[in-house]
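Participant: Model the structure of this input:
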Amino acid sequence: MELLVALLILMTMGMVLVVSNRLQRRFKLAVVEDTGDSDIKIAGEENEPDEAAGNSEELDELAGIIKAEHDNGNIERSKRLAVQLVETVFSHDIFTHGLKDQELLLQIRLLITFTVDVCLENGLPNAIDAQSAQNLFYEQISLRDREFYDEIQTSGAFSMYLLCTRSEVSNSTSIGKEFAALCKKANDTEYTHLGKSIFEYYLKLCADKIREANFVKQ
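Facilitator: So this is what the prediction gives:
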């Protein structure tokens, strides 16, 4: 019964949900909409019969988490947070105010978007809330500026920044250097400092907004 309730919640949300690391190797919950009908399918690797019981327990656990996050308001908080953070990508702040260089503006917005994504991935109570926020965040970016959204998908900047977060060197320093390289200013100390400053500034801004959202922590 809990699983059915949770799936109905997902249908009304109209979202694709990638579940926790433990589950996502085998499962993905997806909403399929066709000629007015909605259906939920569970796609994943074929499981051996002796794994079925364990998988059922994991799905029941997932269903309980989804329902709890819906009932306590966290999914709605995630959506409101996502809408707020979209504005940070497109607003003219201390880094972009009066900026005429469109290529530099693009690179700044890509770094801001990556930083927001990192914060949503790691700063919300669980993977359900994080995915809810990320889905709406990117959906709103796509609606706001499709060309920029396509650039996120094709530029490769996120992949490079993600590697930086795994570096033994300070994350912000590594990201600053990568930002300079993406701006075709490799080893330029001014651009490196700019990239580092953007990353650190938006990490704090996002952390503040997450705190202000007052998520319920189980």
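Participant: which parts of the helix or strand containing L104 are buried?
Facilitator: Secondary structure from DSSP states H and E places L104 in helix 102-123. Neighbour-count burial for helix 102-123 flags 104, 106-120, 123 (criterion: 16 or more other Cβ atoms under 10 Å). All C-beta atoms are positioned from the backbone trio N, CA, C, and that covers glycine.
Participant: Contacts for that helix next, please.
Facilitator: With contacts defined as Cβ atoms under 8 Å, 6 or more residues apart in numbering, helix 102-123 is touched by 81-82, 85, 88-90, 95-96, 99, 130, 133-134, 137, 141, 148, 151-152, 155, 157-158, 161-162, 165, 175, 179, 182-183, 195, 198-199, 202-203, 206-207, 210.
Participant: now do 7 Å
Facilitator: Contacts to helix 102-123, defined as Cβ atoms under 7 Å, 6 or more residues apart in numbering, come from residues 85, 88-89, 95-96, 99, 130, 133-134, 137, 148, 151-152, 155, 157-158, 161, 165, 179, 182-183, 195, 198-199, 202-203, 206-207, 210.
Participant: This protein - how does it break down into domains?
Facilitator: If you go by automatic domain parsing, the domain ranges for the chain are 2-71, 74-212.
Participant: Just want the most central residue of this structure.
Facilitator: Q134 (3.4 Å; Cα atoms, centre = their mean).
Participant: What's the mean pLDDT across stretch 115-132?
Facilitator: Mean pLDDT, computed over stretch 115-132, is 95.
Participant: Now do the buried residues in the biggest helix by length in the chain.
Facilitator: Criterion DSSP state H: the longest helix present in the chain is helix 189-212. By neighbour count on 16+ other Cβ under 10 Å, the buried set for helix 189-212 is 191-192, 194-196, 198-199, 202-203, 205-206, 209-210.
Participant: That helix to helix 102-123, inter-axis angle?
Facilitator: Using axes from the mean of the first three to the mean of the last three Cα atoms, to 10 degrees, the direction of helix 189-212 lies 40 degrees away from that of helix 102-123.
Participant: what packs against helix 189-212?
Facilitator: Applying 3 or more Cβ pairs under 7 Å, 6 or more residues apart in numbering; DSSP states H and E, one finds that helix 189-212 makes contact with helix 74-90, helix 102-123, helix 171-182.
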